[in-house]
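**Q** Next input, structure requested:
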Amino acid sequence: MSISKVKHKVGKYELGRTIGEGTFAKVKFAKNMETGEAVAIKILDKERILKHKMVEQIKREIATMKLIKHPNVVRLHEVMGSKTRIFIVMEFVTGGELFDKIMSEVNHGRMREGEARMYFQQLINAVDYCHSRGVYHRDLKPENLLLGSCGNLKVSDFGLSALSQQVRDDGLFHTSCGTPNYVAPEVLNDRGYDGATADLWSCGVILFVLLAGYLPFDDPNIMILNKRISAAEFTSPPWLSFGARKLITRILDPNPLTRITIPEILEDEWFIRDFRQTKFEENCEGNVDDIDAAFQDSEEHHVQEMREQQPATMNAFDLISMSKGLNLENLFDPEQEFKRNTRFTSQYPPNEIIHKIEEAAKPLGFDIRKKNYKMRLENVKAGRKGNLNISTEVFQVAPSIHMVEVRKAKGDTLEFHKFYKTLATRLRDVVWKSDDDLQGRDLN
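**A** Predicted structure coming up:
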């Protein structure tokens, strides 16, 4: 039996579960109803964007991301806007987080050197490509590195993870962002930093974690942690090869001016072993008209948002397992003890069933609370065992057939039985009658 739900549709997409949440955005799984393709949709609040004066920057970064089509970067498909929200439609990556893969490794939560090098090479490929187009991540960490269906690395949120950040006239970022353990020393002070060198430091921390299985800089005291990062105080584990240790040391250089660059990494002896340059067709063409439309106030440019409440569905196995509970007789078991629930079927629309139950229960002295296709009925008068509470829910068996479950949630079972007999009489027209019913057997 599935859970009662509210279908949320945005344009041609049906939104599902939340798969990520941040300060400025929420990410939901979604399905393209025209093609069946699974996507991820990042949802931004327009009011917050306007409040923080982020519109132009977000439009610029989204436009750039639409043109980035790299195998190791999560794709951005399109942008839509409603009156209150911006929807960024992205590629849905199925292989999970790289962080989960690290944690699942049997060898003390770390990767073998060859495997770690392969993922690091893909990471550098992606970072190099995006930096060449002026796009910086500023929150690189294993949790933002996903795995595709074939196990290839996919960097998520490139250019979108730090939407609230601004570049000043000196060309530097001035707001600290990112996860503390992965941020570069220059990000921790307020003198400005270069997005490219800061990203590279984070790549070095990621490489260390892949190979060592723990963070190079870690302390519960944030002041001590910042001090260790600023001084690049870390100890490499003994199992690291000389080449890996040397490269990590050059990346985790606290001075951004002397830190190794990506062109230098691409020539490093340890890095280039078994290196495969990512091959793909670079296509810089892309339509960015939807970006301006998404931010406009005019309703003609807004995507349609719909919330469609639907009753829970029931499959054949559910129906068979409950088939003995379709009449009043089944309020009793063979020993004639009262049961706590019963069910009936109806060909009425679900909203009408709910209305009929409400209409029948109110004169009997029940307060009613409704949520979608569930109802809670509470008798205002206390009975033998307190106030009688009854739960009802409508399930969809077929497009035109519904099953209604009536269940005692609290109170005396005998009182529930008496209530149901009265309710059944009042719902006589709602209940779907079988051939046997029509010959004289009905709900009563």
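**Q** Buried ones in the strand ranked longest in the chain, by neighbour count?
**A** Looking across the chain with DSSP state E, the single longest strand is strand 386-398. Residues of strand 386-398 classed as buried by neighbour count (16 or more other CB atoms under 10 Å): 388-390, 392-397. Where you see a C-beta, it was placed from the backbone N, CA and C, and this is true even at glycine.
**Q** and it, what does it pack onto?
**A** When contacts are defined as 3 or more CB pairs under 8 Å, 6 or more residues apart in numbering; DSSP states H and E, strand 386-398 sits against strand 312-313, helix 350-361, strand 374-383, strand 401-410, helix 413-426.
**Q** Let me know the average pLDDT across the longest one.
**A** In this model, helix 413-426 has an average pLDDT of 82.
**Q** Any idea how far it is from the middle of the chain?
**A** 43 Å (CA atoms, centre = their mean, to the nearest Å).
**Q** export that helix as PDB, just CAs?
**A** Backbone C-alpha positions of helix 413-426 (Å, rounded to 0.1, in the frame of the first residue of the first chain) are rendered in PDB as follows:
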ATOM      1  CA  THR A 413     -14.200  -0.900  20.900                       C
ATOM      2  CA  LEU A 414     -17.900  -1.500  21.700                       C
ATOM      3  CA  GLU A 415     -18.600   2.200  21.300                       C
ATOM      4  CA  PHE A 416     -16.700   2.100  18.000                       C
ATOM      5  CA  HIS A 417     -19.000  -0.700  16.800                       C
ATOM      6  CA  LYS A 418     -22.100   1.300  17.700                       C
ATOM      7  CA  PHE A 419     -20.700   4.400  16.000                       C
ATOM      8  CA  TYR A 420     -19.900   2.400  12.800                       C
ATOM      9  CA  LYS A 421     -23.400   0.900  12.600                       C
ATOM     10  CA  THR A 422     -24.900   4.400  12.700                       C
ATOM     11  CA  LEU A 423     -22.300   5.700  10.200                       C
ATOM     12  CA  ALA A 424     -23.000   2.700   7.900                       C
ATOM     13  CA  THR A 425     -26.700   3.600   7.800                       C
ATOM     14  CA  ARG A 426     -26.000   7.200   6.900                       C
END
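**Q** what angle do it and strand 386-398 make?
**A** 50 degrees (axes from the mean of the first three to the mean of the last three CA atoms, to 10 degrees).
**Q** mind listing what's buried in helix 413-426?
**A** Buried, per 16+ other CB under 10 Å, within helix 413-426: 413, 415-417, 419-420, 423-424.
**Q** Quick check: end-to-end length of stretch 125-141?
**A** With CA to CA, to the nearest Å as the measure, stretch 125-141 spans 16 Å from end to end.
**Q** residues of it that come out buried?
**A** Neighbour count says stretch 125-141 has 125-131, 135-141 buried, by 16+ other CB under 10 Å.
**Q** And Thr345, how close does it get to Lys31?
**A** Here Thr345 is placed at a distance of 30 Å from Lys31 (CB to CB, to the nearest Å).
**Q** Same question for Ala212.
**A** Going from Ala212 to Lys31 by CB to CB gives 39 Å.
**Q** Now do the longest strand of the chain: distance to the chain's middle.
**A** Distance, centroid of strand 386-398 to centroid of chain: 30 Å (CA atoms, centre = their mean).
**Q** Then stretch 193-205?
**A** 27 Å.
**Q** What lies in contact with that stretch?
**A** 120, 123-124, 127, 131, 136-141, 172-174, 178, 181-187, 215-217, 248, 251-252, 256, 259-262, 265 (CB atoms under 8 Å, 6 or more residues apart in numbering).
**Q** In PyMOL, how would I select the buried members of those residues?
**A** A single PyMOL command selects the buried members of the contacts of stretch 193-205 (16+ other CB under 10 Å):
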select buried, resi 120+123+124+127+131+136+137+138+139+140+141+173+178+181+182+183+184+185+186+187+216+217+248+251+252+256+259+260+262+265
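**Q** Which of the contacts of stretch 193-205 fall within helices?
**A** Judged by DSSP state H, helices contain the following of these: 120, 123-124, 127, 131, 185-187, 248, 251, 262, 265.
**Q** Just give me the least confident of these.
**A** Val187 (86).
**Q** Distance check, it against Gln277.
**A** 30 Å.
**Q** related to what we said a few turns ago, just send the buried residues of helix 413-426 back as JSON lines, with distance to Arg369 too.
**A** As requested, the buried residues of helix 413-426 are exported to JSON lines (distance: CB to CB, whole Å):
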{"residue": "Thr413", "distance to Arg369": "22"}
{"residue": "Glu415", "distance to Arg369": "19"}
{"residue": "Phe416", "distance to Arg369": "18"}
{"residue": "His417", "distance to Arg369": "22"}
{"residue": "Phe419", "distance to Arg369": "17"}
{"residue": "Tyr420", "distance to Arg369": "19"}
{"residue": "Leu423", "distance to Arg369": "17"}
{"residue": "Ala424", "distance to Arg369": "22"}
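**Q** Report the two of those residues separated the most.
**A** Across the buried residues of helix 413-426, no pair lies farther apart than Thr413 and Ala424, at 16.1 Å, counting by CB to CB.
**Q** In contact with the closest residue to Arg426 other than its chain neighbours, which residues?
**A** The shortest distance from Arg426 to any non-neighbouring residue, by CB to CB, 6 or more residues apart in numbering, is to Ala360 (3.8 Å). Counting by CB under 8 Å, 6+ apart, Ala360 makes contact with 423, 426-427.
**Q** Fine by me, thanks again.
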